[in-house]
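Student: Have a look at this fold, sequence not included:
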């Protein structure tokens, strides 16, 4: 399979050259190991998926590091967090940068271990599946903050996506971009491996029940998270669903998008929204086995929204930025009617809030962004230009402060 250049590469090189340790997080099969081996071929490698390697690291750490000297890349490091203390001792004995590169697929556990053992010594990056930019060979690598500078720079390197539903259905795992890889076989194997390796030790239930839960969650991608509804579908308790949602989030399968919080938005809904990180996996779990079946299904709108949100998050993480403090959504009751006001995404930068609507339409209308004015109530923030990301074929001004954009602009 030909190697696809990853957008995060320059950020990765820079962080490694300036930090004693680097942690690369991301779900299984997004290409963490391939990226590190491609960019840093001279590093020694240890993989903690191997039990004998983990056992030596736990029981004889000094011998482990004699056999695996720095510069060292340790894959799936969360499986043996005790090694972090020994890494700290080695890092503190030298001023060398880039001694250790660590990777893992369970972000919260890793971040907790890093904060306890390697605070001030480790730089953290997140790798997602392939982005549209990477698949299309676009070198532009700035987070999607739709101000004038972003739009003018992005327009210098646009690509036309003629097969957007094929891309949404296919998903973003690098292995799928090998021409010989069968889509259904890949996701079947991925799901089985995920259940066996990542979930087996974390749940007190059989894997079939957890797989049923994953399907119920996938059917609700792009929706406000309702634990009770999922519990009813799966036949388990609501606390169990909360625990399992947490497992999906920390292993990188889903993202929980938080609502925008402001005292000025007193009628805002406080519940978060659930998004699958990979639309191909969500399609497989919900048995949308072809792009046409997806495009014509009742969940097409939610899947399109999931795809766009995922691409926007990738634009932040590939630039080395933390999107958790920049990307939100809003839904609240309109005092004048019984209907809800909703803004699909609110992107926050430098005190400016950019409202973004995501619509599966080629004919955008200004009324689709009617809720944007709710942001004018927030006294310490300014409302930026509104965006409707949709299936239009060109940039279109709907109002002076509202632009419809093709997804090529992400």
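Tutor: Perfect, I can see it now. None of the values given here were measured: they were computed from a predicted structure.
Student: which of the residues in the helix or strand that residue 135 is a member of are buried?
Tutor: Secondary structure from DSSP states H and E places residue 135 in helix 132-136. Neighbour counts over helix 132-136 (16 or more other Cβ atoms under 10 Å) mark 132, 133, 134, 135 as buried. In this view, the C-beta of every residue, glycine as well, is placed from N, C-alpha and C.
Student: And the average pLDDT for it is what?
Tutor: Averaged across helix 132-136, the pLDDT comes to 96.
Student: same deal with stretch 315-322?
Tutor: 97.
Student: ok, now stretch 219-230?
Tutor: Rounded mean pLDDT across stretch 219-230 is 97.
Student: in it, what counts as buried?
Tutor: In stretch 219-230, counting by 16+ other Cβ under 10 Å, buried: 219, 220, 221, 222, 223, 224, 225, 227, 230.
Student: Residue 306 is in contact with the fourth one, correct?
Tutor: Think residue 222. Yes. The criterion here is Cβ atoms under 8 Å, and residue 222 meets it with residue 306 at 5.0 Å.
Student: Could you name every residue contacting both of these two?
Tutor: Common contacts of residue 222 and residue 306 (Cβ atoms under 8 Å, 6 or more residues apart in numbering): residue 275.
Student: circling back: could you point out which element follows the helix holding residue 135?
Tutor: Following helix 132-136 in sequence, per DSSP H and E, is helix 148-154.
Student: residues in contact with that next one?
Tutor: Against helix 148-154 from outside (Cβ under 8 Å, 6+ apart): 140, 142, 144, 385, 395, 403, 405, 409.
Student: Now the element after that helix, going C-ward?
Tutor: Trace forward from helix 148-154 with DSSP H and E and the next one is helix 164-170.
Student: what's the closest non-adjacent residue to residue 401?
Tutor: residue 385 (5.3 Å; Cβ to Cβ, 6 or more residues apart in numbering).
Student: To what extent is the one you found buried, counted in neighbours?
Tutor: 18 (other Cβ atoms under 10 Å).
Student: what's the answer for residue 301, then?
Tutor: 14.
Student: how about it, secondary structure?
Tutor: Here residue 301 takes the helix state, with states given by DSSP: H, G, I helix; E, B strand; the rest coil.
Student: what's the spacing between it and residue 33?
Tutor: Distance, residue 301 to residue 33, by Cβ to Cβ, to the nearest Å: 35 Å.
Student: what residue ranges in the stretch 51-200 of the chain score low on pLDDT?
Tutor: 106-120 (pLDDT under 70).
Student: Next: the stretch 251-400 of the chain.
Tutor: 264, 266, 334-340.
Student: Need the pLDDT of residue 201.
Tutor: 70.
Student: and it, what is it in contact with?
Tutor: No residues are in contact with residue 201 under the rule Cβ under 8 Å, 6+ apart.
Student: when you give positions from now on, start the count at 444
Tutor: Sure thing, new numbering starts at 444, so read that last one as residue 644.
Student: gap between it and residue 650?
Tutor: Residue 644 is 12 Å from residue 650, by Cβ to Cβ.
Student: Then residue 520?
Tutor: Residue 520 is 25 Å from residue 650, by Cβ to Cβ.
Student: Same drill for those two, tell me which one is more crowded.
Tutor: residue 520 (29 against 15).
Student: hey, which strand is longest across this structure?
Tutor: Ranked by residue count and defined by DSSP state E, the top strand of the chain is strand 783-792.
Student: Show me what it is packed up against.
Tutor: Packing partners of strand 783-792 (3 or more Cβ pairs under 8 Å, 6 or more residues apart in numbering; DSSP states H and E): helix 743-760, strand 770-776, strand 795-801.
Student: Tabulate those (JSON lines), appending distance to residue 809.
Tutor: Converted to JSON lines, the helices and strands packed on strand 783-792 look like this (distance: least, Cβ to Cβ, whole Å):
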{"stretch": "helix 743-760", "distance to residue 809": "19"}
{"stretch": "strand 770-776", "distance to residue 809": "18"}
{"stretch": "strand 795-801", "distance to residue 809": "11"}
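Student: Of all the ones you listed, which one comes closest to residue 601?
Tutor: helix 743-760 (14.3 Å; Cβ to Cβ).
Student: what angle do the closest one and strand 795-801 make?
Tutor: 140 degrees (axes from the mean of the first three to the mean of the last three Cα atoms, to 10 degrees).
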